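**Q** Return a 3D structure for these sequence lines:
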Amino acid sequence: MSEVGTSGYAEAYASWRADPSAFWGAAAQSLEWSKAPEKMFDPEAGVYGRWFPDAVGNICHNALDRHVAAGRGDQAALIYDSPVTGAKRTLTYAQLLKEVSTLGAVLQDLGVGKGDRVLIYMPMVPEAIGAMLACARIGAIHSVVFGGFAAKELATRIEDAEPKVILAASCGIEPNRVVAYKPLLDLAISMSAVKPQRCLVLQRPEGPGALTEGRDLDWAVACAAAADAGKSAPCADMAATDPLYILYTSGTTGKPKGVVRDVGGYMVALDWSMKNLYGIAPGEVFWTASDIGWVVGHSYIVYGPLIHGATTLVYEGKPVGTPDPGAFWRVIEEHKVVALFTAPTALRAIKKEDPDCLLKQGRDLSRFRTLFLAGERADPDTVIWAQQQLKVPVVDHWWQTETGWAIAANPVGLGLLPTKLGSPTVPMPGYDVEIVDEAAKPVPAGTMGSIVVKLPLPPGCLPTLWQQDDRFAEGYLADYPGYYKTSDAGFLDDDGYVFVMGRTDDIINVAGHRLSTGGMEEVLASHPDVAECAVIGVKDELKGEVPCGFVVLKAGERRAPDVIEKELVGLVRDRIGPVAAFKLAVTVNRLPKTRSGKILRGTMKKIADHDEWSVPATIDDAGVLEEIEDVLKARGIA
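**A** A predicted model of the protein is given here:
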């Protein structure tokens, strides 16, 4: 795609580099503070320094109250669209503020105060967003756990966060089933050494849950009583460095790893990114097709759009199956969405079922102007397909649970830069990205290495892990002194573009050659019959490791899988060369993924290597792993 207009990126990045404190201080002026920051950064505070150490404010005030006070209370704040239940609802800023203030009062009546933890275990419903904002309003620290998460894993998070109150829904709705949350919650509490004082349960008509007497309260009844009594919680004054939430990273074992996000830096970074990265104006409809259980949902379903005064769309459905692969186009048309943020796996699911986007025909997508991708590497084939089908810029960007917002992106609001397939483009202001070798020495442009970010990290990134400063320093800062370790591997090209090729453990060593599985996946994905793929390194006595490619073929008529597999082996040999030693392509019906769509390559590798493996807590469907094992055994691998 060619350059669109003239980008102000170089000027913005240079401005940040010249004076980071002045840059973020200017960004902070767009928000309202009880006490505005005077000192922008304290290098002596915390593990690596803290942003806005003397500032006081409230993120819920900036997300709701100030917009209502500015006369925009009648603007839509939240649109709820639930194809799994048929429900639709729009809440204005004034209405959402009232619901949040009431729920905040209910929490206060239950004894929740500033610094207390509240665990949220809910599906994609408006009340879940209200729950997060209500906690932020009264100064409680929320910890959202993905709705339907296994009881054992939920219990470990209850023990770690020690919530005074748990906010839960009775059930979640999947395309073909109702998932009862309440029994899972009850089991988790019974397993946990830490017990919440109270649980507030949103009873959904599709699957109400039994309330435990003396502990559980009916959400609707409690909120109605508080509203009738005229109760309304004011915004608590929060230090900018106070914790806003704890978010546990997926797939943790042993003691959970709780990423902490602070109040002030987060709202400054999100507000800056909504305008400058995403190019969204107040009042526009911004749709992030994710879940509040993930960092993407925290940043760009809840806080980012509302702080910026946009309308956020809360979608309780799937890209396919609710009811068909045309669901996204229906939602974009109906709700006049200007930008969609989703994971590449969602597009691959649509592409597999409707490769020519026939279900998009006749839809008015004239307001839709940008597609954003993140959460996993956006393979060039998927990006090209999306560009061809949607005729809008497709912006890949790269970030992590730990960072809270994009490390590298193509900044729409500053003016798009020329894109390069396979790259999330350039580092955002605040991120000084370098590529280093195993000895922590910088490597030349175009050379593969570990991606690190020079300290300090910008506002919005994690200051530490929940009650684990030492673990934070050891896990993220010790290996490369003066830098944050991303645990991602890749390279910078001569133009400074970032190429993220996979996690550092996705770099395989084939007879002494360091090769990227991401590069091989690019080649496989380019084949016209491949819907999605994953490449892992399998143990080999001779070469140390050899690559194995798993492919899911597109729906519809096609040639025999063994014919396609031979073509894929030849394709990798042609594009990467014999050095890749790629000789094994395996057709499977589906790939094992987390609920956020990330492919569980590590578990697949353990199966192939005959190592001990267990079902990850974040998996979407555990049965897929058994299918993978059966296929590998049939091939004589597992």
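**Q** all helices of the stretch 351-500 of the chain, in order?
**A** Remark: helices assigned in the stretch 351-500 of the chain by DSSP state H, counting those that start in this stretch are 380-390, 469-472.
**Q** quick one: which of these is nearest residue 198?
**A** Nearest to residue 198, of all the helices of the stretch 351-500 of the chain, is helix 469-472, at 30.4 Å by C-beta to C-beta. The way it works is simple: take the backbone N, C-alpha and C, and place the C-beta from them, glycine included.
**Q** quick one: average pLDDT of that closest one?
**A** Helix 469-472 comes out with an average pLDDT of 96.
**Q** So what touches the lengthiest helix in the chain?
**A** As assigned by DSSP state H, the longest helix anywhere in the chain is helix 93-109. Residues from elsewhere that reach helix 93-109, judged by C-beta atoms under 8 Å, 6 or more residues apart in numbering: 60, 64-65, 67-68, 72-78, 91, 118, 126, 130-131, 133-135, 137-138, 140, 165, 200, 222-223, 226-227, 231-234.
**Q** Now, the residues you listed that are in helices?
**A** 60, 67, 126, 130-131, 133-135, 137-138, 222-223, 226-227.
**Q** returning to that earlier point: buried members of the contacts of helix 93-109 into PyMOL, please.
**A** The PyMOL command for the buried members of the contacts of helix 93-109 (criterion: 16 or more other C-beta atoms under 10 Å) is given here:
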select buried, resi 60+64+65+67+68+72+73+75+76+77+78+91+118+126+130+131+133+134+135+137+138+140+165+200+222+223+226+227+231+233
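**Q** out of the ones in helices among the contacts of helix 93-109, which one sits closest to residue 293?
**A** Among the ones in helices among the contacts of helix 93-109, and counting by C-beta to C-beta, the member closest to residue 293 is residue 131, at 12.6 Å.
**Q** Next, the buried residues of stretch 538-557.
**A** Applying 16+ other C-beta under 10 Å to stretch 538-557 flags 538, 543, 545, 546, 547, 548, 549, 550, 551, 552, 553, 554 as buried.
**Q** and these as a markdown table, adding pLDDT and secondary structure?
**A** Shown next, in a markdown table, are these (pLDDT from 0 to 100; DSSP: H, G, I helix; E, B strand; the rest coil):
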| residue | pLDDT | secondary structure |
| --- | --- | --- |
| 538 | 91 | strand |
| 543 | 75 | coil |
| 545 | 83 | strand |
| 546 | 88 | strand |
| 547 | 92 | strand |
| 548 | 94 | strand |
| 549 | 96 | strand |
| 550 | 96 | strand |
| 551 | 96 | strand |
| 552 | 94 | strand |
| 553 | 93 | strand |
| 554 | 90 | coil |
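**Q** Make a markdown table out of those and add distance to residue 319.
**A** Formatted as a markdown table, the buried residues of stretch 538-557 follow (distance: C-beta to C-beta, whole Å):
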| residue | distance to residue 319 |
| --- | --- |
| 538 | 31 |
| 543 | 38 |
| 545 | 33 |
| 546 | 33 |
| 547 | 29 |
| 548 | 27 |
| 549 | 24 |
| 550 | 21 |
| 551 | 20 |
| 552 | 15 |
| 553 | 18 |
| 554 | 15 |
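**Q** what two of those are the furthest from one another?
**A** 543 and 554 (31.6 Å).
**Q** Please enumerate the helices of the stretch 501-638 of the chain.
**A** Assignment of helices within the stretch 501-638 of the chain using DSSP H, counting those that start in this stretch yields the ranges 517-525, 561-575, 601-608, 623-634.
**Q** what pairs with the closest residue to residue 247 other than its chain neighbours across the strands?
**A** The shortest distance from residue 247 to any non-neighbouring residue, by C-beta to C-beta, 6 or more residues apart in numbering, is to residue 259 (4.9 Å). Counting by DSSP bridges, residue 259 is bridged to residue 247, residue 465.
**Q** so residue 259 touches residue 243, yeah?
**A** No. The criterion here is C-beta atoms under 8 Å, and residue 259 misses it with residue 243 at 10.4 Å.
**Q** Mind listing the shared neighbours of the two?
**A** By C-beta under 8 Å, 6+ apart, the residues touching both residue 259 and residue 243 are residue 466.
**Q** can you count the residues close to residue 162?
**A** Using other C-beta atoms under 10 Å, residue 162 has 16 neighbouring residues.
**Q** gap between it and residue 104?
**A** Distance of residue 162 to residue 104, computed by C-beta to C-beta, to the nearest Å: 20 Å.
**Q** and if you look at residue 329?
**A** In this view, residue 329 and residue 104 are 37 Å apart by C-beta to C-beta.
**Q** more neighbours, the two?
**A** The neighbour count for residue 329 versus residue 104, taken as other C-beta under 10 Å, is higher for residue 104 (29 against 24).
**Q** Next, find the distance separating the more buried one from residue 235.
**A** 9 Å.
**Q** repeat for residue 282
**A** 20 Å.
**Q** of the two, who's got more company?
**A** Taking other C-beta under 10 Å, residue 282 and residue 235 do not tie; residue 235 has more neighbours (20 against 15).
**Q** and the more buried one, what does it touch?
**A** Contacts for residue 235 (C-beta under 8 Å, 6+ apart) come out as 58, 60, 61, 65, 137.
**Q** make it 10 Å
**A** Residues near residue 235 by C-beta atoms under 10 Å, 6 or more residues apart in numbering: 34, 57-62, 64-65, 101, 104, 136-139.
**Q** and it, what pLDDT?
**A** Residue 235 carries a pLDDT value of 98.
**Q** Ramachandran coordinates for it?
**A** Per-residue torsions, residue 235: phi -80, psi 130 (degrees, to the nearest 10).
**Q** In three-state terms, label the residue positioned nearest the centre of the chain for me.
**A** Geometric centre of the chain, nearest residue: residue 296, 3.1 Å, by C-alpha atoms, centre = their mean. At residue 296 the chain is in helix, as set by DSSP: H, G, I helix; E, B strand; the rest coil.
**Q** Three-state assignment for the closest residue to it other than its chain neighbours, please.
**A** In space, and not counting its chain neighbours, residue 296 is closest to residue 290: 4.1 Å by C-beta to C-beta, 6+ apart. Under three-state DSSP, residue 290 falls in the coil class.
**Q** mind listing what residue 83 touches?
**A** So residue 83 contacts 173, 175, 315-318, 321-324, 327, 330-331 (C-beta under 10 Å, 6+ apart).
**Q** can you put these in CSV and add neighbour count?
**A** Listed next are those as CSV, based on neighbours: other C-beta atoms under 10 Å:
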residue, neighbour count
173, 24
175, 12
315, 25
316, 20
317, 22
318, 18
321, 16
322, 18
323, 13
324, 14
327, 21
330, 17
331, 21
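**Q** Identify the farthest-apart pair in those.
**A** Longest span within these, C-beta to C-beta: 173 and 330, 17.9 Å.
**Q** Show me what counts as buried in stretch 377-386.
**A** So, applying 16+ other C-beta under 10 Å, buried residues of stretch 377-386: 377, 378, 379, 380, 381, 382, 383, 385, 386.
**Q** cool, and stretch 449-467?
**A** Buried residues in stretch 449-467 (16+ other C-beta under 10 Å): 449-453, 455-466.
**Q** One more: stretch 400-413?
**A** Quick answer for stretch 400-413 (16+ other C-beta under 10 Å): 400-413.
**Q** If we only consider those residues, which is nearest to residue 421?
**A** Closest to residue 421, out of all of those and judged by C-beta to C-beta, is residue 410, at 12.1 Å.
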